[in-house]
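Okay, here's the prediction I keep looking at, along with the sequence it came from:
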2 protein chains.
Amino acid sequence: MNAVNLKQLAQELNLSVSTVSRALRDSWEISTPTKQRVFDLAKRMNFQPNPYASSLRKHRSRTIAVVIPEVANNFFALAIKGIETVAREKGYHVLIYLTNEEVAEEMAVASSLQNGRVDGVIVSLCGSTQDTRHLMELQQRNIPLVFFDRVADNFIAPKVTTNDCESGYVATEHLVQAGCRRIAHLTISMSLSISHRRQEGYVNALRRWELPEDPGMVVHCDGGEEETYRMLKELFMSDRRPDGVFASVEKLAVMTYHVCRELGLRIPEDVKVISFSNLVTASLLNPSLTTIAQPAYDMGKEAATMLFRRLEKKYIVLPDDQVMLPAKLEVRNSTMG
Amino acid sequence: MNAVNLKQLAQELNLSVSTVSRALRDSWEISTPTKQRVFDLAKRMNFQPNPYASSLRKHRSRTIAVVIPEVANNFFALAIKGIETVAREKGYHVLIYLTNEEVAEEMAVASSLQNGRVDGVIVSLCGSTQDTRHLMELQQRNIPLVFFDRVADNFIAPKVTTNDCESGYVATEHLVQAGCRRIAHLTISMSLSISHRRQEGYVNALRRWELPEDPGMVVHCDGGEEETYRMLKELFMSDRRPDGVFASVEKLAVMTYHVCRELGLRIPEDVKVISFSNLVTASLLNPSLTTIAQPAYDMGKEAATMLFRRLEKKYIVLPDDQVMLPAKLEVRNSTMG
């Protein structure tokens, strides 16, 4: 960095640094002609105040952090776009951190954010997070926190979610109405809020339609790709294989397609599939995939808006402001009767 | 922010701020017992040095910026993952900026990065960038710049690309060998390096196979979605419609699928399609899509690695270090003979 600094301006003008600084802040203590000289030179030398110097003065970094499990996933990519759009309008910068579903990474990120690097944090928890003390510490340092999608239930903070329980019910009922009787729920870590809400909706629908609740039909896929693929293969090869699949996340639907293809099972004839998904190609898959689509972009915008409301302190905000946006059922061929 | 600062430590210990500061830096000027008192209290009060204060001292922010056109796209999402992985290892923070293909946004971002907010920048140009003076200015301020994928040809900086010209040739030749005689090249802004390299490969293949070069077969889709859809519809409705399509970017292949579906054109029988793409669902599309897949994750890692080599100044690096990674042809049903 060899950007022009106050000191160089002061030397050039043969003034004290504090005079130059006050002149740039347009202080009444400095005479108009002096201010003019300072402004002119600052402009000519393309002087840019150092953001970290001013953040130290103002105790603000004009930066927020987004902490998410992954980015190569349409849901999170769209959410980032929503967050970045709002931050841009507010003149804020966005730091991005990927936890890769590792709580250790999430903790490392949280502690690196304790010391004033950011003014606020937007988080979607990773699958292995049980204890959220590392996030509590951020709040205790008055760094506002907003959760979206994967939220911490026993944590008082604003949250943006979709109606996961209701959507889980709708997805499962849709399979029942399409003629399925043995419906599997493919889910990720059950420590995630989205997982047990979607599971709750799934169970409610089974009860409402008086279908048996078979624990073997709830598959927790929180291992690696190979392991998940093996588990799904086992599920579909068993003599009591499901005739319907409710995938809690996109990648499990994609894997179900691959497994069914390998085993020669036809979708939807042998197995009907519905999934939470923001795949742009859902309608082009073979067969086209019935989805529960979350308003990912809007969720990101909403989370950022809630965070800035707190940062700007213009409004009164409840400590646990909750926004729930509706997800949308898109019926396609993978669940045709 | 109410983090503990040097002043509070000094008050607690009844020492001067400079003494505490020097003690924390383990200065020889401070006695061991005093240092011990300072260390103990700092630990007990969980004192964290302010990153901006230290970045001012060291003239380093330990932050890099990634400036890309979009994120809701598998290529860029994977590249970010690669960049973030390397930055994490180096203990750096990653700021992300989306230009949404608007050069005005790219310029605004560049000028906001001139003043020491970041130590280096990784860029993939937006479609409307003609003049790269705004990026030159960053370099002039000794902020190292690395380009990936969409690079500025007449700009001396390290660049990470794939073999676009060769890949364009391979894609086009593959269509010829599948029996196509009227091959369209769907491309985005021709001011992009990737566009004219892929176009060059396309033309080379036509010449090598002695096929006519029809300017009407090269469609520049740099407008909005509706306009692009309209242009493609026109192309496929004309009496001289193509029997093969080489899509330069993923979203143009996806649109081609939609347009063909609307017009009742069968892929691959009526139109064969190949595309540059990192779609995870390429093999599940109806029909499965033949792709030229770029090593997006590795490109991101490579770009970050080149940037850190410059920041660490451990190695001698050429001002215009170039890395070209091979893209891979994946033949699927959309180009079956």
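Looks like it arrived, so ask away. Numbering: from 1, shown residues only, chains lettered A, B, ... in the order given.

Please list the residues of the stretch 51-200 of chain A that sit near chain B.
Residues of the stretch 51-200 of chain A lying close to chain B by Cβ under 8 Å from any Cβ of the partner chain are A:51-53, A:55-56, A:59-61, A:63, A:70-74, A:77-78, A:80-81, A:84-85, A:88, A:93-98, A:105, A:112, A:114-117, A:119, A:141-143. From N, CA and C alone the C-beta is placed, and that goes for glycine too.

Any of these buried? List them.
A:51-53, A:55-56, A:61, A:63, A:70-74, A:77-78, A:80-81, A:84, A:88, A:93-98, A:105, A:112, A:114-117, A:119, A:141, A:143 (16 or more other Cβ atoms under 10 Å in any protein chain shown).

what's the spacing between the residue positioned nearest the centre of chain A and A:Arg25?
In chain A, the C-alpha nearest the mean C-alpha coordinate belongs to A:Ser124, at 4.5 Å (Cα atoms, centre = their mean). Shown here: A:Ser124 relative to A:Arg25, a distance of 40 Å by Cβ to Cβ, to the nearest Å.

Next: A:Pro49.
To A:Arg25, A:Pro49 is 10 Å away according to Cβ to Cβ.

Mind jotting down where the helices sit in the stretch 1-150 of chain A?
Residue ranges of the helices in the stretch 1-150 of chain A, as given by DSSP state H, counting those that start in this stretch, are A:6-13, A:17-24, A:32-44, A:51-58, A:74-90, A:103-112, A:133-140.

what does the stretch 151-300 of chain A give?
Secondary structure of the stretch 151-300 of chain A by DSSP H, counting those that start in this stretch: the helices cover A:164-177, A:193-208, A:225-237, A:250-263, A:296-312.

In the third one, which residues are buried?
Buried residues in helix A:225-237, counted by 16+ other Cβ under 10 Å: A:228-229, A:231-233, A:235-236.

Looking at it now, give me its mean pLDDT.
Mean per-residue pLDDT for helix A:225-237: 96.

circling back to that earlier point, looking at the helices of the stretch 1-150 of chain A, which is nearest to A:Glu330?
Nearest to A:Glu330 among the helices of the stretch 1-150 of chain A is helix A:74-90 (13.8 Å), distances taken as Cβ to Cβ.

Show me what the closest one is packed up against.
strand A:63-68, strand A:93-98, helix A:296-312, strand B:93-98 (3 or more Cβ pairs under 8 Å, 6 or more residues apart in numbering or on different chains; DSSP states H and E).

Let me know which of those is the nearest to B:Val38.
Taking Cβ to Cβ, strand B:93-98 is the member of the helices and strands packed on helix A:74-90 nearest to B:Val38, at 27.5 Å.

how far off helix B:103-112 does the closest one point, in degrees?
With axes from the mean of the first three to the mean of the last three Cα atoms, to 10 degrees as the basis, strand B:93-98 and helix B:103-112 are set at 150 degrees to each other.

Strand B:93-98 vs chain A: in contact?
Yes. Strand B:93-98 lies within reach of chain A by Cβ under 8 Å from any Cβ, at B:93-98.

any idea how far chain B is from the closest residue in space to A:Glu166 that isn't next to it in sequence?
In this structure, A:Glu166 finds its nearest non-sequential neighbour in A:Gly201, 6.2 Å apart by Cβ to Cβ, 6 or more residues apart in numbering or on different chains. Going from A:Gly201 to chain B by Cβ to the nearest Cβ, to the nearest Å gives 26 Å.

now swap in A:Arg198 and tell me
A:Arg198 is 22 Å from chain B, by Cβ to the nearest Cβ.

shouldn't that residue be in contact with A:Ser248?
Yes. Taking Cβ atoms under 8 Å as the definition, A:Arg198 is a contact partner of A:Ser248 at 5.0 Å.

Neighbour count: the two, which is higher?
A:Arg198 (29 against 26; other Cβ atoms under 10 Å in any protein chain shown).

can you tell me which residues contact the closest residue in space to that one that isn't next to it in sequence?
The shortest distance from A:Arg198 to any non-neighbouring residue, by Cβ to Cβ, 6+ apart, is to A:Gly168 (3.8 Å). For A:Gly168, the contact set (Cβ atoms under 8 Å, 6 or more residues apart in numbering or on different chains) comprises A:185, A:197-202, A:204-205, A:246, A:248.

quick one on the thing from earlier: mutual contacts of A:Arg198 and A:Ser248, please.
Residues touching both A:Arg198 and A:Ser248 (Cβ under 8 Å, 6+ apart): A:168, A:185, A:187, A:276.

Determine which two of these are furthest apart.
A:His185 and A:Phe276 (11.2 Å).

list residues touching both of these two?
Going by Cβ under 8 Å, 6+ apart, residues that sit against A:His185 and also against A:Phe276 are A:198, A:248.

can you name the two of the contacts of A:Gly168 that are farthest apart?
Pairwise over the contacts of A:Gly168, using Cβ to Cβ, the maximum falls at A:Asn204 and A:Ser248, 15.0 Å.
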